[in-house]
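Chemist: Fold the stuff below for me.
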Amino acid sequence: MTSQRLGFPRLRLLAVVCAALTFVAAVDTAGAQQPTPRRGGAPATPRPTTPRRGGPPPATPAKPAPAEVKKVEPPPAPDARFHMVYTAGDQKTDTVMFVRGPRKRYEFQEMILIDQSDQKRMLQVSVPAKTYLVIATDGTAPAMPALPGMPQAAPKPPGVINVTTAITDTTERKMAFGRQARHVKTVMDIVPMPGACDSNKQHVETDGWYIDPPPALIGQEAVKPPSQPQAQQTCADDVKATMNGDPKLLGYPIAYTTTMTGADGKPVVASMEVTELELTTLDAALFEPPAGFTAAGSPFDLSKALSDITEAKLVAADTAPPAAPAAKAPGVVRVGVPEFTNKTNMTVDTRKLRANLIDELTEQKIDAVPMAAAPPADLQKRAAEQGYDYVVFAEVTELKTSKAGRFGGLMKAASGAATAGRGGAAGAVAGAAGNAALSNETTEASLAIKLVQPDGKQKMSTNAKGKDGGGFNLKSGMGIAKLAGGMYMNMMTAGMFSRFGSGLGYGYGLNGLNGVSMLSNPSLYRMQTRGLGATMAGTGIDMSAGAASYLMQSAVNMDAARALVGTPGQAGPSYEESLGEAVQNTAKAVQKAVQK
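Modeler: Residues are numbered from 1 along each chain as shown. Have a look, this model is predicted:
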């Protein structure tokens, strides 16, 4: 009894102990999965679990995916519009430049140049003719054709031109267009070494104000003038540049005055000022071919369109009600020069001959004015209304060829070699004329000339002849170059542009380029790129001057390749030299007659 009573409490105690042990084990197992907070609230550190031998490793918690970082593109640079005024003497020339992304537009009154660098092409737009020409700038454009019948001259070894530039910071500063402008002076000496193709020695001083390039110009290329036509490009000099000073001081020019002094010692002064600089949003259509304009298939098509429209203007002026005659200097003889007539069965550019004669008469100190083709009586009436002293009538009466003798051919070859080395536009055309002498045919041209007073009284009647044979004839070769050379020499002083620019059929470059004037003097742009070694905006380059120089060089190239007789690009004898000499002799005869 007693043992039974004592056993029952023991059994109950044993059950209580077992239950307690089970509870502790359960709590311990649960604690391995979820830590029990320590006293004070901090969670207990979980114990690392050791995998059983042969069992799989514990799973590693997956890391959260990193947040995606989006690249923020900078906003595009704002478009820009620049208005510049160029001054030479008493003449001012306005131009406007627009920049939108990689594209630029330059407005020179009647001529517009659109640089579509993203498509590697230029658009040359004539506003009066409502015609534009697409020019590839990636090297795929065909070379300008040579004069008919002209063989290509052998290349001449290049020479060396030393260019030394000194850049001086005056330390003067001012605010312009919301930016700090720096006053910097540069002095550049261009010295051709013996044997250089371009023998023009120049001393150039520039006093200018520059700012850091606006965002629209950063990374932009300036327009580079085209090279001479392949058939005439016989030499390209190697420029050796030395610079003293920091070119980064130059930046974008907002104003400068440049004085260029050549070998003759006569200074030529030109200045530029940016009058407006606007950051804006431009219409993309400004950088496309204008609506309603016709695309020219070739430079010759544009040349024809320009010549036709300018001739139409001249006809309108000649048939308009008479206005008060333009004043002329005392003692100066004024001569009206109508378009030549052509009696031969060949196609002759009679408008270009008229332009050449005007240039020759101007050299003879005669005030020569273009007149549209019309019956003689109408021309004399117009001359009386405008106060002209005379009208000169010229007709091409004969063009012929003959075989050259051996001696003459050799001498003409020497003439070609002599002229080919001359630099600039005059040299390019003169070289072309000399190269024409390498042909085995000589040409002769005859002109019938009459000098008539407005009342019908005849002052002079004669024949003027020209020939490209007879040995060394550098004079006649250079005569052909006078028009193109004159374009270069007269740019800074406006020259013929202010007087005849819109009325002459000079070729596609000159027609419609009145207003470019001194801006297009290639020396202005060449002196910036030489020495500075710069092609990008932001290093002192006047981008508008580069664009104008591009148009002017294109004009010279076209004028050089445009045949006086025949169809450009087709084989045949060249009458450039013989007609050039005949026109020279015509001017001399007129000058002699008016002196009597």
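
Chemist: Which other helices and strands does the helix or strand where V125 lies contact?
Modeler: Element membership for V125, per DSSP states H and E: strand 121-126. Other elements packing on strand 121-126 under the criterion 3 or more C-beta pairs under 8 Å, 6 or more residues apart in numbering; DSSP states H and E are strand 111-116, strand 131-136, helix 299-319, helix 543-561. In this view, the C-beta of every residue, glycine as well, is placed from N, C-alpha and C.

Chemist: Now do the first one and helix 299-319, the angle between them.
Modeler: Put simply, strand 111-116 runs at 160 degrees to helix 299-319, going by axes from the mean of the first three to the mean of the last three C-alpha atoms, to 10 degrees.

Chemist: Pairing partners for strand 111-116, with directions?
Modeler: Strand partners for strand 111-116, identified by DSSP bridges, are recorded as strand 103-108 (antiparallel), strand 121-126 (antiparallel).

Chemist: Ok, the second one next?
Modeler: Neighbouring strands of strand 131-136 in its sheet, by DSSP bridges, are strand 121-126 (antiparallel), strand 294-296 (parallel).

Chemist: Mind putting those into CSV with mean neighbour count and mean pLDDT?
Modeler: Formatted as CSV, those follow (neighbours: other C-beta atoms under 10 Å; pLDDT from 0 to 100):
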stretch, mean neighbour count, mean pLDDT
strand 121-126, 22, 92
strand 294-296, 16, 95
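
Chemist: Of these, which is nearest T170?
Modeler: strand 121-126 (37.2 Å; C-beta to C-beta).

Chemist: now what about that closest one, what contacts it?
Modeler: 110-116, 131-138, 223, 289-290, 293, 302, 305-306, 309, 508, 511-512, 550-551, 554 (C-beta atoms under 8 Å, 6 or more residues apart in numbering).

Chemist: Buried among those residues? Make that a ChimeraX selection.
Modeler: For the buried members of these, the matching ChimeraX selection, counting by 16 or more other C-beta atoms under 10 Å, is:
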select :110,111,112,113,114,115,116,131,132,133,134,137,223,302,305,306,309,508,511,512,550,551,554
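
Chemist: For P214, find the nearest of the strands paired with strand 131-136.
Modeler: Nearest to P214 among the strands paired with strand 131-136 is strand 121-126; the distance by C-beta to C-beta comes to 22.7 Å.

Chemist: List every C-alpha atom in the closest one, with coordinates, as PDB.
Modeler: The C-alpha trace of strand 121-126 is given here as PDB (Å, rounded to 0.1, in the frame of the first residue of the first chain):
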ATOM      1  CA  ARG A 121      27.000  68.800 -99.800                       C
ATOM      2  CA  MET A 122      26.500  72.500-100.400                       C
ATOM      3  CA  LEU A 123      23.500  74.200-102.000                       C
ATOM      4  CA  GLN A 124      24.400  77.300-104.000                       C
ATOM      5  CA  VAL A 125      21.200  79.300-104.500                       C
ATOM      6  CA  SER A 126      20.500  82.200-106.800                       C
END
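
Chemist: Could you list the low-pLDDT ranges of the stretch 201-350 of the chain?
Modeler: Low-confidence segments of the stretch 201-350 of the chain (pLDDT under 70): 225-235.

Chemist: ok, back up a step: reformat the helices and strands packed on strand 121-126 as JSON lines; add distance to E172.
Modeler: As requested, the helices and strands packed on strand 121-126 are exported to JSON lines (distance: least, C-beta to C-beta, whole Å):
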{"stretch": "strand 111-116", "distance to E172": "34"}
{"stretch": "strand 131-136", "distance to E172": "42"}
{"stretch": "helix 299-319", "distance to E172": "45"}
{"stretch": "helix 543-561", "distance to E172": "24"}
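
Chemist: Out of the ones you listed, flag the one nearest P454.
Modeler: Between P454 and the helices and strands packed on strand 121-126, the shortest gap by C-beta to C-beta is with helix 299-319, which sits at 13.8 Å.

Chemist: Where is the longest strand in the chain?
Modeler: strand 160-176 (DSSP state E).

Chemist: What strands line up against the helix or strand just after it, and which way round?
Modeler: Next helix or strand after strand 160-176 toward the C-terminus (DSSP H and E): strand 179-192. According to DSSP bridges, strand 179-192 has the following sheet partners: strand 160-176 (antiparallel), strand 202-211 (antiparallel).
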